[in-house]
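**Student:** how would this look folded up:
(chains A and B)
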Amino acid sequence: MQTVKMVITGPFSAGKTEFIRSISEIEVVSTEREITTPAEKRQKDVTTVAMDFGRITVDDDLVLYLFGTPGQRRFDFMWEILAEGMLGFVVMVDSSKPETFREAKSILETFRAYAPTPYVVAANKQDHPDAWSAEDLRIALRIEEGVKLLPCVAKDKESVKNVLLELLYSILEEMDT
Amino acid sequence: MPLKGELRDFSTTQLLNLINLAGKTGTLTIFKANKSGEFEEVNGKKREKITAGPERAKVSFRTGKLIYAMMDGQDGNLVSVLNKAGKLTDEQARIIRERAKNTTDKALALLLINANYVSQNDVVSCIQQHTLDVVYNLLSWNQEPFRFDDDVLPDNNRIQVPIDLENVIIEGARRIREIEELNQHLPNLDMALKFPENPKEKFKGIHLSVEEWRVVSFVNPKNSIRQIAKANNMSEIEIRRIVYGLEQAGLVELVKPPGMEQSVAAKTARRPAPAKPQVQKVVVNRLIDKIRSI
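**Tutor:** Here you go, the predicted structure:
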């Protein structure tokens, strides 16, 4: 059986676990732990310490695995391990939290250095009243015109499908060049 | 929906750059930063939460050009601006204020020009300078909450002088004194510079200082910023300040010079760079079909 892997990365609380949960056919194998820092706890109760793991079975011969990285820098030793052999990656950004944009850009650059695979940027939480638009995010994060920056709501399966499809289209395009 | 954030996360210069590049029309309001006493963790660092207090400044833009700025505590009307610039004496200003209480700035400007108190050029340049002074002042702010409201513009009675933001951004960068911010933005002087697409268009109407032209003349992906500084006998701070301004104005872009690509990858990878997965097109197409069908 052939397995392929995609990585979902981004800063703390960007919506990576939610993204995988929306599309995975299995209950996400999550290594979430209760948050111990009071400041983080205000944002959410559990965080990913090693990885989230989702699966989409195409048929008996082919399975797609989705790996979600832990968002906090103190777990970044896991990132490179997760990046190994990935077909492509998605960088999730919480569009309503400008304080995380710099970190998102830094994570994006780190993953680009790990492997020259295609990637897309998902401007998540577009349903939030304070969300920056995808166009503004492109300028704020200095994302090149050739890179897809997609509006996203991670809890909406159709939105997640769109992000994954766009990443797969980018992978196809790269194969053609 | 309005753009909201805090200047400690997204600086005034970055905001001006965003407004310029996106050609936005609307008003940026900056609020006093009130400490809340509560703490939050951002990117692994603990910091005090701030809330938006009273308004401190308002800056308006039309299609990416600066048209109006007002600081809290300054009335910013035409008489005050001309008085501050020395075009009207205190006594003249007092009399005009008394006699033209209900006159709009535009009507007052016409009266003053017709009465030969000031020229049209005086009015335009004084309003422009006042607007720039306000904006340059808030470039040094680095904490305050902000909000940008699309399509909200100042009272039409105010005189609005459109100002290109590129020059403001460059001048603003000159005034940024915090070396830390510059260091943070450009931590590695071994990076090189290249011109963006359509450089001719971007440089049109731009006024660069002699030092900036000297740096621009060395822009080439083969030259590291450190080499450019050395060739021009500039300190690290000077070169950082100039490159920061040029980059924020969209006149140059940072690139890795040849050879550095590899060294960065080598530093990042603790093990040899993983080989690209050997996946065939047919596999990707099967994945696409599957996801479409979910």
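
**Student:** in chain B, which helix or strand is least confident?
**Tutor:** helix B:260-268 (a mean of 48; mean pLDDT, DSSP states H and E).

**Student:** which secondary structure elements does the helix or strand following that helix contact?
**Tutor:** Next along the chain after helix B:260-268, taking DSSP states H and E as the criterion, comes helix B:281-293. If you count contacts as 3 or more CB pairs under 8 Å, 6 or more residues apart in numbering or on different chains; DSSP states H and E, helix B:281-293 packs onto strand A:2-9, strand A:46-59, strand A:62-68, helix A:157-176. Where you see a C-beta, it was placed from the backbone N, CA and C, and this is true even at glycine.

**Student:** orientation of helix B:281-293 relative to strand A:62-68 in degrees?
**Tutor:** 70 degrees (axes from the mean of the first three to the mean of the last three CA atoms, to 10 degrees).

**Student:** residues of helix B:281-293 that come out buried?
**Tutor:** With burial defined by 16 or more other CB atoms under 10 Å in any protein chain shown, the residues of helix B:281-293 counted as buried are B:283-284, B:286-288, B:290-291.

**Student:** Dump that helix to CSV, restricted to CA.
**Tutor:** Extracted in CSV, the C-alpha atoms of helix B:281-293 (Å, rounded to 0.1, in the frame of the first residue of the first chain):
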residue,chain,number,x,y,z
LYS,B,281,0.8,12.3,-11.2
VAL,B,282,-1.8,9.5,-11.2
VAL,B,283,-1.6,9.3,-7.4
VAL,B,284,-2.2,13.0,-7.0
ASN,B,285,-5.1,12.8,-9.4
ARG,B,286,-6.6,9.9,-7.3
LEU,B,287,-6.2,12.0,-4.2
ILE,B,288,-8.0,14.9,-5.9
ASP,B,289,-10.9,12.7,-6.9
LYS,B,290,-11.2,11.3,-3.4
ILE,B,291,-11.2,14.7,-1.7
ARG,B,292,-13.7,16.0,-4.2
SER,B,293,-16.0,13.1,-3.3
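
**Student:** Now tell me what touches that helix from outside.
**Tutor:** By CB atoms under 8 Å, 6 or more residues apart in numbering or on different chains, the surrounding residues in contact with helix B:281-293 are A:2, A:4, A:23, A:56, A:58-59, A:62, A:64, A:87, A:161, A:164-165, A:168-169, A:171-172, A:175.

**Student:** Centre of the chain to it, how far?
**Tutor:** Offset of helix B:281-293 from its chain centre (CA atoms, centre = their mean, to the nearest Å): 44 Å.

**Student:** try stretch B:181-194
**Tutor:** On CA atoms, centre = their mean, the centre of stretch B:181-194 falls 18 Å from the chain's centre.

**Student:** and that stretch with chain A, contact?
**Tutor:** No. Judged by CB under 8 Å from any CB of the partner chain, stretch B:181-194 makes no contact with chain A; its nearest approach is 9.2 Å.

**Student:** which parts of that stretch are buried?
**Tutor:** With burial defined by 16+ other CB under 10 Å, the residues of stretch B:181-194 counted as buried are B:182, B:185-186, B:189, B:191-193.

**Student:** do the same with stretch B:54-63
**Tutor:** Going by neighbour count (16+ other CB under 10 Å), the buried part of stretch B:54-63 is B:56-62.

**Student:** I am finished for the moment; much appreciated.
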